[in-house]
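# Predicted model and sequence below, questions to follow.
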Amino acid sequence: MIGYLAAGANHFRVPAFYVQIIPPYFPHPEILNIIAGCCEIGLAILLIFTKTREFAAWGIIFMLIAFIPVHLQMVLDSPYKLSGSIVSPIILWIRLIVLQPLLIWWAWWYTDGAWGRKNV
């Protein structure tokens with residue numbers, strides 16, 4: 001929860017960081033950055049409450065799926081220059097094929113679909 005809250009706030013603290021990684025085929029990257037930041041903050045807050053946790057988890061799943069084009073574009077553009085540092089292709093591939101699915105699985109774990117659990 002804190003991670004999504006911090007990430008969402010970061011969209012407003014350093015918007016240029018996020019705008020630069022939005023694929024060029026998406027229109028209005030500044031607006032998309034604001035939407036992404038608001039979604040991350042809103043979903044993080046909804047994770048706090050038991051009654052809204054499942055809704056938030058599904059929202060995070062859909063948000064993470066929506067972010068896949070960003071991660072894929074970074075892989076295609078690798079090695080990627082990000083804030084003065086160069087991110088190697090292997091790190092970007094790990095982020096895309098390991099970290100992203102793990103985050104989606106973690107969010108799914110908080111839904112009713114996970115092993116029939118109810119209200120974790």
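Yep, that arrived.
# Dump stretch 46-54 to PDB, keeping only the CA atoms.
C-alpha atoms of stretch 46-54 as PDB (Å, rounded to 0.1, in the frame of the first residue of the first chain):
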ATOM      1  CA  LEU A  46      -8.700   1.800  -1.000                       C
ATOM      2  CA  LEU A  47      -6.300  -1.100   0.000                       C
ATOM      3  CA  ILE A  48      -6.500   0.100   3.600                       C
ATOM      4  CA  PHE A  49     -10.100  -0.800   4.100                       C
ATOM      5  CA  THR A  50     -11.400  -4.400   4.100                       C
ATOM      6  CA  LYS A  51     -14.600  -3.500   2.300                       C
ATOM      7  CA  THR A  52     -12.700  -1.900  -0.600                       C
ATOM      8  CA  ARG A  53      -9.600  -4.000  -0.700                       C
ATOM      9  CA  GLU A  54     -10.800  -6.500  -3.300                       C
END
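# quick one: least confident helix or strand in the protein?
Every helix and strand of the chain was ranked by mean pLDDT, DSSP states H and E. The lowest is strand 80-82, at a mean of 74.
# Sheet partners, orientation included, of the helix or strand following it?
Once the chain leaves strand 80-82, the next helix or strand it forms, by DSSP states H and E, is strand 85-87. Each strand that pairs with strand 85-87, with its direction, by DSSP bridges: strand 80-82 (antiparallel).
# Go through the strand it pairs with and flag the buried ones.
Neighbour-count burial for strand 80-82, counted by 16 or more other C-beta atoms under 10 Å, picks out residue 80. The way it works is simple: take the backbone N, C-alpha and C, and place the C-beta from them, glycine included.
# ditto for stretch 66-74
67, 70-71, 73-74.
# Among those, which one lies nearest to residue 39?
Of all the buried residues of stretch 66-74, residue 39 sits closest to residue 67, with 10.1 Å by C-beta to C-beta.
# got the phi/psi numbers for that closest one?
phi -80, psi -10 (degrees, to the nearest 10).
# With residue 112 as the reference, measure out to it.
In this view, residue 67 and residue 112 are 24 Å apart by C-beta to C-beta, to the nearest Å.
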